[in-house]
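Enquirer: Dropping the sequence and predicted coords here.
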Amino acid sequence: MKVAVIGTGHVGLVTCVTFANMGHDVVGTDVDSEKIELLTRGVSPFYEPGLEEAIKTETSSGRLSFTLDAAGALVDAEVVFICVGTPARADGEANLVAMEQTASQIARHAHDDVVVVEKSTVPAGTADRVRTTLQREGNGLRFHMASNPEFLREGMAIHDALEPDRIVVGVESAWGLDVLRRLYAPLLEAGAPLIVTDIRTAELAKHASNAFLALKISFANALARVCEHAGADVTTVADIMGADPRIGRAFLNAGLGYGGYCFPKDVAALKHLSERFGYPFPLLSEVERLNEEAVEAVAAKLREALWNLEGKRIAILGLAFKPDTDDVRFSPALALARLLLASGAQVVGCDPRAAGGAKEELPELELANDVYEAAMGAHALVIGTEWPEFRGLELSHLREVMTYPLIVDGRNLLDPADLVGSGFWYYPTGRPPVIPDTSRAEGGSDDGSRSAPAPRQPTPLP
Ligand code: UGA
């Protein structure tokens with residue numbers, strides 16, 4: 001089938017390569033000439049595992065091409081996927097200007113019986129607006145609206161797109177459904193579940209899914225606060241809860257909270273949409289508040305341990321909003337860096353992929369090439385993103401280079417058992433801390449650590 005994809009961001013590009021992989025003829029278009037130039041050379045504009053290879057494979061097979069010329073991309077298309085950005089305005093409302101501009105382009109250049117599919121995450125009711133624009137500007141164009149929300153995760157995007165938990169299609173005509181079924185035939189034949197519904201339900205289901213996942217994370221973070229006071233371990237509490245299939249273990253990892261381009265924007269957009277209907281959805285405001293609190297809790301631990309932050313040097317390992325991406329948008333690690341900088345600390349960060357993006361976003365941040373360079377002279381080290389490469393830290397090397405042996409684990413990445421006897425003060429999130437036993441040596445530690453003031457803990461270690 002002939003497919004046009006408008007917008008080559010994360011969702012758009014993955015849509016391009018996966019439909020090409022399924023054997024369709026795909027043209028991707030974008031208003032960003034630099035991006036199109038990179039893509040036509042087979043270069044991905046951002047890091048996503050497997051994406052660049054897939055772009056190269058599909059473009060050389062002739063099934064995928066990229067163009068700045070949206071009119072040319074639209075003229076033959078049987079299906080058009082709208083994958084443009086829907087960023088949040090200051091009040092949380094989704095900014096749908098790019099959706100409207102795209103609808104105008106489709107109205108002018110598409111041919112009759114085109115199926116117009118929203119893939120961008122949009123508030124319920126957006127398809128009605130797109131339809132009105134198509135009717136006003138389409139000069140009698142016959143078209144079929146549909147919604148096909150995307151549930152892919154950055155870092156796992158190609159896998160999620162080719163092996164989806166569900167394919168959701170919101171349609172209003174048999175034609176639209178038939179076209180989408182044919183388009184997804186290879187995945188449906190492989191057993192992917194298809195949920196067919198009306199357009200508004202499909203639109204709302206995407207916001208509801210992301211908001212619920214954010215809610216699970218905020219719940220885990222609220223529990224972490226309680227566990228810290230009760231002397232319990234939030235990770236095991238989550239394991240026990242998650243063993244119940246009605247709850248599920250996923251997205252119950254306490255830490256610095258959620259970030260990225262989707263959760264913060266989608267929670268705010270769902271809240272804004274419900275407020276517009278007269279229902280303020282206070283639960284979502286609490287989810288947002290708890291997410292901010294997760295970052296503040298780590299800053300508070302540092303303040304407690306280090307006393308004044310002015311002049312203290314703090315290393316943050318991991319700057320991306322999560323591992324396996326170079327994306328720093330709404331990264332909790334950067335939110336922490338901002339708080340620490342505002343308190344007068346020097347902040348140095350490192351990240352396997354996101355260092356450049358982080359520096360652009362936060363120029364005051366110092367960058368280091370690796371963990372040990374970041375730790376050099378630091379009074380504390382914080383795990384900001386759970387990159388697997390940070391798991392195998394050489395603790396003795398770290399102790400040699402750091403000013404104070406203090407680790408605050410904002411992602412519960414390290415195994416507390418590895419910290420016992422290391423001489424480090426180790427503060428995970430929602431789990432009992434590990435503190436060096438200094439009782440045997442009067443006036444100093446028997447493991448040679450230089451002493452740092454330890455955060456006040458309401459209960460002693462077991
Ligand atoms: C999210 C959803 O998971 C996808 O299903 C959805 O399609 C996508 O948004 C979107 O709307 O496009 P993504 O933003 O790539 O995907 O990232 P996630 O893997 O969901 O992680 C989001 C944030 O939550 C990260 O900052 C992560 O560190 C944090 N998180 C996740 C936790 O703090 N705890 C957890 O237990 C899980």
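Expert: Looks like it arrived, so ask away. Everything numeric in this text was worked out from a predicted model, so none of it was measured.

Enquirer: Can you report how many residues neighbour the residue lying closest to residue 218 once chain neighbours are set aside?
Expert: Excluding its sequence neighbours, the residue lying closest to residue 218 (C-beta to C-beta, 6 or more residues apart in numbering) is residue 290, at 3.9 Å. (Glycine included, C-beta is placed from N, CA and C.) Residue 290 has 21 neighbours, counted by other C-beta atoms under 10 Å.

Enquirer: In terms of pLDDT, where does residue 290 sit?
Expert: On the pLDDT scale, residue 290 is placed at 98.

Enquirer: From residue 251, how far off is it?
Expert: 14 Å (C-beta to C-beta, to the nearest Å).

Enquirer: quick revisit: surely the residue nearest to residue 218 meets residue 222?
Expert: Yes. Using C-beta atoms under 8 Å, residue 290 is in contact with residue 222, at 5.4 Å.

Enquirer: Name the residue closest to the centre of this structure, please.
Expert: residue 260 (3.4 Å; C-alpha atoms, centre = their mean).

Enquirer: and it, how far is that from residue 285?
Expert: 20 Å.

Enquirer: repeat for residue 322
Expert: Distance from residue 322 to residue 285, by C-beta to C-beta: 24 Å.

Enquirer: Among those two, which residue is more densely surrounded?
Expert: residue 322 (21 against 14).

Enquirer: ok, now which ones touch the more buried one?
Expert: 154-155, 259-260, 385-386 (C-beta atoms under 8 Å, 6 or more residues apart in numbering).

Enquirer: got any ranges where the stretch 201-350 of the chain has weak pLDDT?
Expert: For the stretch 201-350 of the chain, applying pLDDT under 70 flags no range at all.

Enquirer: my guess is residue 131 contacts residue 144, does it?
Expert: No. Counting by C-beta under 8 Å, residue 131 does not reach residue 144; the two are 9.9 Å apart.

Enquirer: Spell out which parts of this structure neighbour the ligand.
Expert: 121, 150-154, 210, 213, 217, 251-253, 255, 257-260, 262-263, 321-322 (C-beta under 6 Å from any ligand atom).

Enquirer: quick one: residue 136 and residue 129, what's the gap?
Expert: Taking C-beta to C-beta, one finds residue 136 at 11 Å from residue 129.

Enquirer: Those two: which is more packed in?
Expert: Shown here are residue 136 and residue 129; by other C-beta under 10 Å, residue 129 has more neighbours (15 against 11).

Enquirer: how about the strands in the stretch 351-462 of the chain?
Expert: Secondary structure of the stretch 351-462 of the chain (DSSP state E, counting those that start in this stretch): strands at 366-367, 380-383, 406-409, 425-427.

Enquirer: ok, residue 318 - how many residues close by?
Expert: 30.

Enquirer: List the contacts of it.
Expert: Contacts of residue 318 (C-beta under 8 Å, 6+ apart): 333, 349-351, 383-387, 390, 411.

Enquirer: Residue 250 now?
Expert: 216, 242 are the contacts of residue 250 under C-beta under 8 Å, 6+ apart.

Enquirer: What helix or strand is it located in?
Expert: Using DSSP states H and E, residue 250 maps to neither a helix nor a strand.

Enquirer: Give me the phi and psi for it.
Expert: Torsion angles at residue 250 (phi, psi; degrees, to the nearest 10) stand at phi -60, psi 150.

Enquirer: my guess is residue 171 contacts residue 194, does it?
Expert: No. With contacts counted by C-beta under 8 Å, residue 171 stays clear of residue 194, the gap being 11.2 Å.

Enquirer: Just the C-alphas of stretch 34-41, formatted as PDB.
Expert: The C-alpha coordinates for stretch 34-41 follow below in PDB (Å, rounded to 0.1, in the frame of the first residue of the first chain):
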ATOM      1  CA  GLU A  34      18.200  19.300   8.100                       C
ATOM      2  CA  LYS A  35      16.400  16.200   9.300                       C
ATOM      3  CA  ILE A  36      15.300  15.200   5.800                       C
ATOM      4  CA  GLU A  37      18.900  15.800   4.500                       C
ATOM      5  CA  LEU A  38      20.200  13.400   7.300                       C
ATOM      6  CA  LEU A  39      17.500  10.800   6.600                       C
ATOM      7  CA  THR A  40      18.200  10.800   2.800                       C
ATOM      8  CA  ARG A  41      21.800  10.000   3.700                       C
END
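
Enquirer: Which positions within that stretch qualify as buried?
Expert: For stretch 34-41, the neighbour count (16 or more other C-beta atoms under 10 Å) marks 35-36, 38-39 as buried.

Enquirer: Show the average pLDDT along it.
Expert: Rounded mean pLDDT across stretch 34-41 is 96.

Enquirer: Just give me how far that stretch sits from the chain centre.
Expert: Here stretch 34-41 is found 24 Å from its chain centre; the criterion is C-alpha atoms, centre = their mean, to the nearest Å.

Enquirer: do the same with stretch 57-73
Expert: 28 Å.

Enquirer: And for that stretch, what's in contact with it?
Expert: 4, 6, 8, 16-17, 20-21, 23-31, 33, 36, 39-40, 42, 55, 105, 108-109.

Enquirer: 7 Å - rerun?
Expert: Identification of contacts with stretch 57-73 by C-beta atoms under 7 Å, 6 or more residues apart in numbering yields 4, 6, 8, 16-17, 20-21, 24-29, 33, 36, 39-40, 42, 105, 109.

Enquirer: So which of those residues sit within helices?
Expert: 16-17, 20-21, 33, 36, 39-40, 105, 109 (DSSP state H).

Enquirer: Give the buried subset of the residues you listed as a ChimeraX selection command.
Expert: A single ChimeraX command selects the buried members of the ones in helices among the contacts of stretch 57-73 (16+ other C-beta under 10 Å):
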select :16,17,20,21,36,39,105,109
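
Enquirer: Would you check that the residue nearest to residue 218 makes contact with residue 224?
Expert: No. Using C-beta atoms under 7 Å as the test, residue 290 is too far from residue 224 to be in contact (9.9 Å).

Enquirer: can you list residues touching both of those two?
Expert: With C-beta under 7 Å, 6+ apart, residue 290 and residue 224 have no common neighbours.

Enquirer: Which positions in stretch 170-185 come out as buried?
Expert: 170-171, 176-177, 179-180, 183-184.

Enquirer: Counting only helices, which of those make the cut?
Expert: Those of these lying in helices (DSSP H): 176-177, 179-180, 183.

Enquirer: Could you export these as a markdown table, including pLDDT?
Expert: Shown next, in a markdown table, are these (pLDDT from 0 to 100):
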| residue | pLDDT |
| --- | --- |
| 176 | 98 |
| 177 | 98 |
| 179 | 98 |
| 180 | 98 |
| 183 | 98 |
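
Enquirer: quick check, nearest of those residues to residue 234?
Expert: Closest approach between these and residue 234, by C-beta to C-beta: residue 180, at 41.9 Å.
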